[in-house]
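**Q** Predicted coordinates and the sequence they were generated for:
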Amino acid sequence: MCAASLHWTGPDGQPAHALWRSEAGVPAHQKVVLADDTMPANTAYKLACEGTALLWQGDFQNARHLLQALTRRLAPPAGRAASKGKGSKGKQPPEPVNAGQAFNQHRQNLAHRARILGMLLIPFETDHTIPLRRAPDVKQACEEAYGAASEPYVASLRELLGLIGAHEWRKKGVAIEALKGKGSGRIHAHYGVFSPVRGEYVDLVQQAPLPAGVQDAVDVGTGSGVLAAVLASRGIARITATDQDARALACAKENLHRLKLDKQVKVIEADLFPPGQAPLIVCNPPWLPARPSSPIEYAVYDPDSRMLRGFLAGLKAHLTPGGEGWLIMSDLAEHLGLRGPDTLQGWIKDAGLRVVGKLDARPRHPKTQDASDPLHQARAAEVTSLWRLAAA
């Protein structure tokens with residue numbers, strides 16, 4: 001999280017400042033002006049595009065309306081490309097000629113959108129209350145993401161709405177079919193921890209044949225703890241779940257305790273593998289080999305495939321004789337041209353491993369049916385696989 005001081009000129013003309021918070025790692029804005037209900041949306045949009053942040057002083061619900069107005073002014077990529085007549089400003093970006101270019105353009109569009117919408121800022125008191133009219137109670141949502149505050153601070157309204165959404169998802173949880181009968185049967189993802197809303201990869205771990213007589217297993221990069229929980233529900237007596245992220249470790253421990261599986265699963269901080277060997281080692285690394293634009297995106301993007309290649313390179317040494325490593329991966333990166341079609345199998349071979357089995361599943365999320373999605377073609381062709389690997 002980015003934490004620095006934000007400076008502006010107060011209504012009395014005197015310098016003012018507060019702590020700046022950004023979970024996305026956005027640096028403190030250098031240009032900040034006060035804004036309230038009297039500021040027209042066009043003026044706000046112009047200032048935001050010019051790099052001036054708006055520290056809101058008016059009614060909180062009006063700030064939400066202004067954010068919606070700014071969003072409407074940011075036409076989706078397809079709209080910008082299609083609008084060559086009235087309302088079009090400047091030269092339109094060229095149409096992508098392949099999936100890789102479409103992916104890069106899509107990420108650039110998202111980054112631009114995030115930058116503009118992130119310019120609308122909200123003040124907070126030390127106890128996470130918002131000193132604005134009609135402001136909601138966001139104490140618990142902010143406490144979960146930021147922890148205890150020691151002084152007043154400022155954050156973007158867009159980030160706050162994300163915190164509120166994550167808080168609601170955390171309360172509700174995600175029902176996991178394989179965990180029925182285990183407590184609530186739900187996984188509650190903390191803010192910044194990947195939620196198992198895409199159930200196909202969980203189903204693969206539930207369906208894959210276990211090595212004969214396996215009583216010990218390792219879940220590398222456990223995240224919410226969902227795969228460790230599924231392995232425990234399948235009767236594996238001792239499981240070690242690892243992660244490097246403090247939020248993930250706390251999240252996994254809480255979920256496993258709620259599911260009454262914490263006696264079977266030990267959660268520890270480790271870079272990939274724990275010490276020793278195991279007959280079954282499972283890993284579901286981030287699926288896309290691209291650079292994250294914020295710390296939260298490390299659950300989705302694996303720069304240079306570092307985690308994937310690290311898992312493959314170290315797997316053989318951590319497997320007991322006859323053991324298996326389960327690698328859960330989507331081939332979306334291949335369809336986007338981010339990884340060659342034979343690259344993964346080449347890395348498997350180079351690591352002294354062989355494929356003893358492979359289970360496939362088609363994704364079920366709504367974007368596979370959304371033809372307006374700029375990555376629709378790649379998403380529609382995507383397959384998620386569980387690779388059963390053993391020493392060659």
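**A** Sure, I can see it. Computed from a predicted structure; not experimentally measured.

**Q** can I assume residue 232 is in contact with residue 239?
**A** Yes. Contact criterion Cβ atoms under 8 Å: residue 232 and residue 239 qualify, at 5.7 Å. Quick note: C-beta positions are derived from backbone N, CA and C, even for glycine.

**Q** okay, and the common contacts of these two?
**A** Jointly contacting residue 232 and residue 239 under the rule Cβ atoms under 8 Å, 6 or more residues apart in numbering are 264-265.

**Q** give the contact list for residue 363.
**A** So residue 363 contacts 198, 200, 330, 379, 382-384 (Cβ under 8 Å, 6+ apart).

**Q** For the strand or helix carrying residue 170, which residues meet the burial criterion?
**A** Per DSSP states H and E, residue 170 falls inside helix 157-172. Applying a neighbour-count criterion of 16 or more other Cβ atoms under 10 Å, one finds 157-164, 166-167, 169-170 buried in helix 157-172.

**Q** Please, where are all the strands along the stretch 1-150 of the chain?
**A** Under the criterion DSSP state E, counting those that start in this stretch, strands of the stretch 1-150 of the chain are mapped to 2-9, 15-22, 32-35, 53-56, 120-124.

**Q** for those, which one sits closest to residue 226?
**A** strand 15-22 (28.1 Å; Cβ to Cβ).

**Q** the inter-axis angle of the closest one versus helix 157-172?
**A** Counting by axes from the mean of the first three to the mean of the last three Cα atoms, to 10 degrees, strand 15-22 points 40 degrees away from the direction of helix 157-172.

**Q** Sheet partners, orientation included, of strand 15-22?
**A** Strand 15-22 has these partner strands in its sheet, going by DSSP bridges: strand 2-9 (antiparallel), strand 153-156 (parallel).

**Q** okay, and the helix or strand of this structure with the least pLDDT?
**A** Across the helices and strands of the chain, the lowest-confidence element by mean pLDDT, DSSP states H and E is helix 77-82, at a mean of 44.

**Q** how distant is stretch 170-190 from the center of its chain?
**A** 18 Å (Cα atoms, centre = their mean, to the nearest Å).

**Q** Give me the contact list for it.
**A** Contacts for stretch 170-190 (Cβ under 8 Å, 6+ apart): 144, 166, 169, 191, 195-197, 199, 202-203, 205-206, 223-226, 229-230, 233, 247-248, 250-251, 254-255, 258-261.

**Q** can you give me the end-to-end distance of it?
**A** 6 Å (Cα to Cα, to the nearest Å).

**Q** got it, and stretch 217-229?
**A** In stretch 217-229, first residue to last residue: 11 Å (Cα to Cα).

**Q** again with stretch 300-310
**A** Stretch 300-310 end-to-end distance (Cα to Cα) = 16 Å.

**Q** For it, buried residues please.
**A** Quick answer for stretch 300-310 (16+ other Cβ under 10 Å): 301-302, 305, 307-310.

**Q** Would you list the phi and psi of the closest residue to residue 285 other than its chain neighbours?
**A** Closest residue to residue 285 apart from its sequence neighbours, by Cβ to Cβ, 6 or more residues apart in numbering: residue 307 at 4.3 Å. Main-chain dihedrals, residue 307, degrees, to the nearest 10: phi -70, psi -40.

**Q** Mind naming the longest strand for the protein?
**A** strand 319-330 (DSSP state E).

**Q** Kindly format the C-alpha coordinates of it as CSV.
**A** Taking Å, rounded to 0.1, in the frame of the first residue of the first chain, the C-alpha atoms of strand 319-330 are listed here in CSV:
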residue,chain,number,x,y,z
LEU,A,319,8.4,-34.9,-4.3
THR,A,320,8.7,-38.2,-2.5
PRO,A,321,9.5,-41.1,-4.8
GLY,A,322,6.3,-41.9,-6.9
GLY,A,323,4.7,-38.6,-5.8
GLU,A,324,2.7,-36.2,-8.0
GLY,A,325,2.7,-32.4,-8.5
TRP,A,326,-0.6,-30.9,-9.6
LEU,A,327,-0.3,-27.7,-11.6
ILE,A,328,-3.6,-25.9,-12.2
MET,A,329,-3.3,-23.5,-15.2
SER,A,330,-5.5,-21.8,-17.8
